[in-house]
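Asks: From the sequence below, what's the structure:
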Amino acid sequence: MFRVIVLVALLAGCAPGIVSHGRIRSELFADVLVRTERARGIAVEGDVDARAVNQRELAEIVRSAALSQWEPDEFQRYQDSLTAVGLWPAGRDLMEEYVATLGDEAAGLYVPSDRRVYVVSNPGIPFSLRISQALMRRDLVREMSLSHELVHLLQHQAYPHLMGLSPSLKGQDDVSYAVQAAVEGDALRYGLEALELLPMLPDPDDFQRDFEGEIEGGRLAEAPAVIRISIALPYSQGYRLAYLEATGLLEAPPVSTEQTLHPNKRRESFLVFDLGGLRSQLPAGCVFVYENTVGELALSALMTELQPVSSEAWEGWDGDRYLVSRCQGVLELLWISTWDTEADALEFAASYREIAGPLARASELPSVPQVSRTGRQVVISTRRLRPLTELLDRARQKRVATLREFYEFLDGREE
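Replies: Numbers count the residues shown, from 1 in each chain. Coordinates of the predicted model:
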């Protein structure tokens, strides 16, 4: 065993690294770029700004890029809304934990606002992969990271509307997760192809199993649900979509996590809601905080994070929307959801009642949310916003199945 380790160390010393003395080596970068363009079928326009950074520097870049997309108090209101619905622990800083987790886990980054590619100079590399790198005399981790981020650059050229957090998608988490899955899945597939290493692409089931095994025990596995969803889903589910749909995926990306998670529902329509008209009807002493959509994926995390429910009550989701306000200093919640069948609605309502008390305590809500069902519709509300349930029939709604249809709906929303 000792002789093998010595041989690996000697070979590793001979392997050309993409990053040298804090810079990306130009000749190796040019080779990766050519292979990435060939794999994705898109030629880069102009020069590419690619830089090597360490993990601490990457964390600061993540922070700066994230904060640049939000107004000073907007992100806090977003965090408060996640807390009210039960998706973020009260008293913890979402931005700081997101930055720390991504900074610790990421090996590269593409920042759309700067059109700049970053590669981490010192990523953690499993010993087994170090052996492979040494035997093949290739810097596989950084090469894969670089090609992955270069695919994002090419995506930005061809599909600019899919890159970064569009202002119109704030408060539309479920759609954002779905679109991001398409973007990351596409980058995974063609980043792998750019290695020109594998005779065929990995099977999606094998990839998902290996991916989930890799994050077990790491910082990401211990992070709250919202962080796990926003960072892990795009890879674990996105690769499957890209494997099946190739370049057509970004031509018609999914617009719900239901479409992302279930191949048989890939093009299925769902209901979108606009609760903007209720903001002017808030009770005296209440101010609007945020409006958002949970979606099937986040709903599954919500229903299992504190205490597992007795069934997979999130299946059969057909759309939802929640509104959060602050009334006399405390958060209040109004949440409407619709389901494929009355049986699905009954199952969700019953399962939510099982966790309503623990969720209310964890979210520091002033009252346990009340659950009511009418047909395929379920309404959840805390005490101060309960009168608004009578106005929900006036809320604008529409069935959509594509990103174009979704944006058409947003064009007419009430503020």
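Asks: C-alpha only now, for contacts and for neighbours.
Replies: OK.
Asks: show me what contacts residue 70?
Replies: Residue 70 makes contact with no residue under the criterion Cα atoms under 8 Å, 6 or more residues apart in numbering.
Asks: how about it, phi and psi?
Replies: phi -130, psi 140 (degrees, to the nearest 10).
Asks: Distance of it relative to residue 227?
Replies: 18 Å (Cα to Cα, to the nearest Å).
Asks: Now residue 288: which helix or strand?
Replies: Following DSSP states H and E, one finds residue 288 within strand 286-292.
Asks: helices or strands next to that strand in the packing?
Replies: Applying 3 or more Cα pairs under 8 Å, 6 or more residues apart in numbering; DSSP states H and E, one finds that strand 286-292 makes contact with helix 74-85, strand 317-327.
Asks: what's the angle between the next helix or strand after the longest one and helix 74-85?
Replies: Moving toward the C-terminus from helix 74-85, the next helix or strand (DSSP H and E) is helix 94-105. For helix 94-105 and helix 74-85, the angle between their directions (axes from the mean of the first three to the mean of the last three Cα atoms, to 10 degrees) works out to 100 degrees.
Asks: before we move on, the earlier item: what pairs with the strand holding residue 288, parallel or antiparallel?
Replies: When pairing is defined by DSSP bridges, strand 286-292 lines up against strand 317-327 (antiparallel).
Asks: hmm, who's touching the partner strand?
Replies: Around strand 317-327, the neighbours that count as contacts under Cα under 8 Å, 6+ apart are 81, 84, 258, 270-275, 285-296, 331-340, 344, 384.
Asks: do stretch 283-298 as well
Replies: 77-78, 80-81, 87, 171-174, 225-226, 229, 256-258, 261, 275, 279, 282, 314-315, 317, 319-328, 384-385.
Asks: Show me where the chain dips below the pLDDT cut-off.
Replies: Where the chain drops to pLDDT under 70, the residues are 1-16, 123-138, 165-167, 216-217, 413-415.
Asks: For it, just list every one of the strands.
Replies: 19-20, 23-24, 49-53, 108-111, 116-120, 270-274, 286-292, 317-327, 330-339, 370-374, 377-381, 396-400 (DSSP state E).
Asks: who does the fourth one touch, helix- and strand-wise?
Replies: Counting contacts by 3+ Cα pairs under 8 Å, 6+ apart, the secondary-structure elements packed against strand 108-111 are strand 116-120, helix 140-158.
Asks: Out of the helices and strands packed on strand 286-292, the one nearest residue 182 is which?
Replies: Closest approach to residue 182 among these (Cα to Cα): strand 317-327, 20.0 Å.
Asks: how big is the angle separating the closest one from strand 377-381?
Replies: Using the same axes, to 10 degrees: strand 317-327 against strand 377-381 is 20 degrees.
Asks: could you check the angle strand 396-400 makes with strand 317-327?
Replies: Going by the same axes, to 10 degrees, strand 317-327 makes 150 degrees with strand 396-400.
Asks: Put the alpha carbons of strand 317-327 into CSV.
Replies: Extracted in CSV, the C-alpha atoms of strand 317-327 (Å, rounded to 0.1, in the frame of the first residue of the first chain):
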residue,chain,number,x,y,z
TRP,A,317,-50.0,19.2,-5.7
ASP,A,318,-51.7,21.4,-8.4
GLY,A,319,-50.6,24.9,-7.3
ASP,A,320,-50.3,27.1,-4.2
ARG,A,321,-49.6,30.6,-3.0
TYR,A,322,-49.0,32.2,0.4
LEU,A,323,-49.1,35.7,1.8
VAL,A,324,-47.3,36.8,4.9
SER,A,325,-47.9,40.0,6.9
ARG,A,326,-46.7,41.4,10.1
CYS,A,327,-49.4,42.4,12.6
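Asks: what's the burial count for residue 154?
Replies: Counted with other Cα atoms under 10 Å, the neighbours of residue 154 add up to 20.
Asks: quick one, what contacts it?
Replies: Contacts of residue 154 (Cα under 8 Å, 6+ apart): 37, 40, 42, 43, 44.
Asks: how close does the residue lying closest to residue 108 once chain neighbours are set aside sit to residue 393?
Replies: Using Cα to Cα, 6 or more residues apart in numbering and skipping the chain neighbours, the partner closest in space to residue 108 is residue 119 (4.3 Å). As judged by Cα to Cα, residue 119 and residue 393 stand 50 Å apart.
Asks: between those two, who's got more neighbours?
Replies: Remark: of residue 119 and residue 393, residue 119 carries more neighbours, 31 against 8, as counted by other Cα under 10 Å.
Asks: what is that one paired to in the beta sheet?
Replies: Beta-bridge partners of residue 119, as defined by DSSP bridges: residue 52, residue 108.
Asks: Name the nearest residue to residue 53, sequence neighbours excluded.
Replies: residue 120 (5.0 Å).
Asks: next one: residue 319
Replies: Per Cα to Cα, 6+ apart, closest to residue 319 is residue 271, 4.7 Å.
Asks: got the contact list for that neighbour?
Replies: Per Cα under 8 Å, 6+ apart, neighbours of residue 271: 318, 319, 320, 338, 397, 398, 399, 400.
Asks: Format the CA atom coordinates belonging to the strand holding residue 288 as PDB.
Replies: Provided in PDB are the C-alpha atoms of strand 286-292 (Å, rounded to 0.1, in the frame of the first residue of the first chain):
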ATOM      1  CA  CYS A 286     -51.000  44.700   9.600                       C
ATOM      2  CA  VAL A 287     -48.400  45.400   6.900                       C
ATOM      3  CA  PHE A 288     -47.500  43.200   3.900                       C
ATOM      4  CA  VAL A 289     -44.300  41.200   4.200                       C
ATOM      5  CA  TYR A 290     -44.000  38.800   1.200                       C
ATOM      6  CA  GLU A 291     -45.900  36.600  -1.200                       C
ATOM      7  CA  ASN A 292     -44.500  33.300  -2.600                       C
END
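Asks: Report the angle between it and strand 330-339.
Replies: Going by the same axes, to 10 degrees, strand 286-292 makes 40 degrees with strand 330-339.
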